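Participant: Dropping a prediction and its sequence here:
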Amino acid sequence: MCAQPNDLAPFWLPFTPQKSFKKKPRLLADAEGMYYTSNDGRKLLDANAGLWCVNAGHSHPKIVEAIKKQAEGLDYAPSFQLGHPIAFQAASLLCAEMPGDMDHVFFSNSGSEAVDTAMKIALAYFRAKGESSRTKFIGRQKGYHGVGFGGISVGGITPNRHVYSAALLPGIDHLPHTHSLEHNAFSRGLPEWGAHLADELENLVYLHGADNIAAVFVEPVAGSIGVLPPPQGYLERLSEICKKYGILLVMDEVITAWGRLGCASASERFGIEADIITSAKGINNGSVPMGATFVRKGIYDAFQDGPDEVIELFHGYTYSGHPLACAAAIATLDVYKDEGLFERARELESVWEDALHTLKDAPHVIDVRNIGLMGGVELDPGDREGKHEKSRAAEAFDRMFFEEDLVMRFTGNTIAASPALIVTEDEIGQIVERLRRVLEKID
Ligand code: PLP
């Protein structure tokens, strides 16, 4: 079935130049497995698992069936002062996949909400422990933590903060980013240079005082800025410093959890003991909006010392633990396990890496980065830098859609890819071949 576009005016698309999009829209009508169908009937290879979320492939029949069945039964139930079994079931199953004693989860509807929830839990936790001076947060330059005011404040992507600067949260500082073409260009997996950048946290502790800092927020692999794997040893150092000063380490795993790096979480893959893990996207294959903030046992327990009738955390969403989202999450977890998709991602990692790095000699390419099934290809911006014209990466994205039937993201000057974990070796070859052809056409 191919949908016809209706009036394009009313829908204000996120993170999209409205005028150019509406002049020449890129419209998707259907999806199955690794492919979209465009509204003009073309089959497009999806190199991005939707938006880093459809890890088991589009419209997986078992997930679709679970959502249908749930909608016919309990379509909606609130989680304020009431509960429904499927939310408890989803919470138990999902927590079981998280590392160590990360035994509790707060549900929301998106990664942004999962991050804001983590910030609130961190503040409330220290207050509950009698350490209420711990109110500051540390983020990182180039970090993406969604679009809530908490997320953009702790985040470090300039255009996402710029216009809203008057309303950013106070008391937030940032670690330096780890992007360095000079030291790390064309690294395979974790780059060698940059672990020392984590030591900047010591300076921030010196500046602000450990007893004023609640939490550090980092993406284990910075995704939205264009795939920046952490330098070797970097996360370990960050974790050590957090532990030394009693600061919570929040791993924002909205992209990296649920198989993207071949494990349920990047924390598991890198052996890092986070205190809070934020998640969304792949948690239920992107099928129903869902965010999740996982916390270690000790954090949840710190809230449980008060009187029985007092609400411990004044926070929550109408759709926290939405039955459809939970049904989808349970079915998704089954699919990940039954089809061995995390193992598959691990097996394909070297194929993915080798294929991407063949682009080293393609026109304009100044870096290729990869980890798990994530990849970034950075382009030399040339003389388009800073001008109000289409960047090379944006042009590549558009050409890939119309000329190569390929959907691949771009951010700044980097083309980013993250295929579903069901991708075949042949499709990996196709992604790279089509991208090369496009790069060869660009001035
Ligand atoms: N945190 C990270 C690390 C993300 O990558 C994203 C989205 O890509 C978010 C938060 C925000 O998630 P959402 O768009 O679901 O609000």
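Facilitator: On my side now, so go ahead.
Participant: contacts, neighbours, all on C-alpha from now
Facilitator: Will do.
Participant: Please spell out which residues along the host helix or strand of Cys242 are buried.
Facilitator: According to DSSP states H and E, Cys242 maps onto helix 234-245. The neighbour-count check on helix 234-245 (16 or more other CA atoms under 10 Å) flags 234-242 as buried.
Participant: Domain ranges for the protein, per the record?
Facilitator: Domain assignment for the chain by automatic domain parsing gives 18-56+340-441, 65-338.
Participant: quick one: low-confidence parts of the stretch 201-350 of the chain?
Facilitator: Within the stretch 201-350 of the chain, no stretch has pLDDT under 70.
Participant: which bits of it sit near the ligand?
Facilitator: 219, 223-224, 252-255 (CA under 6 Å from any ligand atom).
Participant: The stretch 101-250 of the chain: strands as residue ranges?
Facilitator: 104-108, 136-140, 172-175, 213-218, 248-252 (DSSP state E, counting those that start in this stretch).
Participant: Now mean neighbour count and distance to Asn160 too, for those, in a markdown table please.
Facilitator: Formatted as a markdown table, the strands of the stretch 101-250 of the chain follow (neighbours: other CA atoms under 10 Å; distance: least, CA to CA, whole Å):
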| stretch | mean neighbour count | distance to Asn160 |
| --- | --- | --- |
| strand 104-108 | 24 | 22 |
| strand 136-140 | 24 | 14 |
| strand 172-175 | 20 | 15 |
| strand 213-218 | 26 | 17 |
| strand 248-252 | 27 | 17 |
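Participant: so which of these comes closest to Leu201?
Facilitator: strand 172-175 (6.6 Å; CA to CA).
Participant: In its sheet, which strands sit next to that closest one, and in what direction?
Facilitator: Note on strand 172-175: by DSSP bridges, its sheet partners are strand 136-140 (parallel).
Participant: And the contacts of the partner strand?
Facilitator: 154-156, 171-177, 212-218 (CA atoms under 8 Å, 6 or more residues apart in numbering).
Participant: now the angle between strand 213-218 and it, please.
Facilitator: 20 degrees (axes from the mean of the first three to the mean of the last three CA atoms, to 10 degrees).
Participant: angle of strand 136-140 against strand 248-252?
Facilitator: Using the same axes, to 10 degrees: strand 136-140 against strand 248-252 is 40 degrees.
Participant: related to what we said a few turns ago, as JSON lines, the domains of the chain with distance to Trp12 would be great.
Facilitator: Conversion of those to JSON lines gives the following (distance: least, CA to CA, whole Å):
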{"stretch": "domain 18-56+340-441", "distance to Trp12": "7"}
{"stretch": "domain 65-338", "distance to Trp12": "16"}
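Participant: circling back to that earlier point, elements contacting the helix holding Cys242?
Facilitator: helix 200-208, strand 248-252 (3 or more CA pairs under 8 Å, 6 or more residues apart in numbering; DSSP states H and E).
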